[in-house]
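In: sequence isn't available, so here's the structure alone:
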């Protein structure tokens, strides 16, 4: 009997150490695919910008290496330790957002989204996503009944949405503000948010965003909204990027033109390695390539949900749910923008688009998922 018990213990320990193998394979596959596509999409842009066709490839590879180190670290560190530092984490993220409006803030393309210190730049908006997941998960996991109370559960988190949303919109960065608020509300829903509150929050948010755009008729948000309604009405100005994106997707057909053979990346589609990299994927790898990529994301989110369902505690469940929501929402928003299914926003394609801060955030969050899955076998 003792031998049987020892054997059972060894099996449980071995399961706890293994983590989610499918999650690791999908993540590493997406990162490697992203490096290849960033190189392909940025080749001519890199020559035009810095005179070196490998500039974006080198940077993206370095960021991927750092992201892998972060992923391995977060996979080893017990996820429950984040609950102890939830308050300092969220306060720090808010301070970083405030610092954007000081001389430390760096303006690019008429937006101040980066902090620069000693040649190192960080995006507080990306940090805010993970900080929100950790804080809301801790806040609601202390007492499962908290979410049933408007004053003790819903109102404080609505205030957090307001603080994050206000500071991020001021950059301006409406897409990230929407993403952060969706993450917070999504975690609240998983924790047991009443349907009445959920419909009210979503409706209020939609009305608020629409009012923000309509009350600023000369803003770039209004221009994006009008160009979305008919991008071909002004194909050389407000609708230019979306039109070029649709041309790329249409040119790819079923099987694509072939890897590296995109035409739109030849300085037609602006910043093809960033938000619109999915259009280059569609042009070079076709509908089949896009479909395989989407399936990979579906599997990734499914594994995240599976980990959330089998987490050892409520904090782990809410954290895994928040990370899954973050990845899923960004994939949906990015593809919707590229296919002109919604107005253009600056949302990157997880693990694939060029951008060091976002890549490290996603890889680090996958490490957290792995750690939650390891402890679920205890």
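Out: Great, that's in hand. Note that the coordinates shown come from a computational prediction; the quantities given were computed from them, not determined experimentally.

In: can you tell me the SS state at residue 261?
Out: coil (DSSP: H, G, I helix; E, B strand; the rest coil).

In: any idea how far it is from residue 28?
Out: Distance of residue 261 to residue 28, computed by CB to CB, to the nearest Å: 26 Å. Every C-beta, even on glycine, is put in place using the N, C-alpha and C of the backbone.

In: and residue 183, by the same measure?
Out: 24 Å.

In: the more surrounded of the two?
Out: Counted by other CB atoms under 10 Å, residue 183 and residue 28 do not tie: residue 183 has more neighbours, with 25 against 16.

In: in contact with the more buried one, which residues?
Out: Contact analysis of residue 183 by CB atoms under 8 Å, 6 or more residues apart in numbering lists 129, 132, 133, 136, 322, 325, 326, 329.

In: is the fourth one in a helix, a strand, or coil?
Out: It refers to residue 136. Relying on three-state DSSP, one would call residue 136 helix.

In: which residues touch it?
Out: Contacts of residue 136 (CB under 8 Å, 6+ apart): 157, 160, 183, 184, 187, 188, 318, 322.

In: redo that, cut-off 7 Å
Out: 157, 184, 187, 188, 322 (CB atoms under 7 Å, 6 or more residues apart in numbering).

In: look up how far residue 186 lies from it.
Out: Distance from residue 136 to residue 186, by CB to CB: 9 Å.

In: give me the common contacts of those two.
Out: Contacts common to residue 136 and residue 186, judged by CB under 7 Å, 6+ apart, are residue 322.

In: now residue 106, nearest residue through space, not along the chain?
Out: residue 114 (4.2 Å; CB to CB, 6 or more residues apart in numbering).

In: pretty sure that neighbour is in a strand, no?
Out: Yes - counting by three-state DSSP, residue 114 is located in a strand.

In: got a pLDDT number for it?
Out: For residue 114, the pLDDT comes out at 84.

In: residue 121 is in contact with that one, correct?
Out: Yes - if you go by CB atoms under 7 Å, residue 114 and residue 121 touch, sitting 4.6 Å apart.

In: which residues of the stretch 51-200 of the chain score low on pLDDT?
Out: Applying pLDDT under 70 to the stretch 51-200 of the chain flags residues 118-119.

In: helices of that one, start to end?
Out: Ranges of helices within the stretch 51-200 of the chain are 55-76, 81-84, 86-99, 124-141, 155-169, 174-191, 195-214, based on DSSP state H, counting those that start in this stretch.

In: show me what contacts residue 163?
Out: residue 94.

In: typed the wrong thing, it's residue 123
Out: Here residue 123 is in contact with 113, 114, 357 (criterion: CB under 7 Å, 6+ apart).
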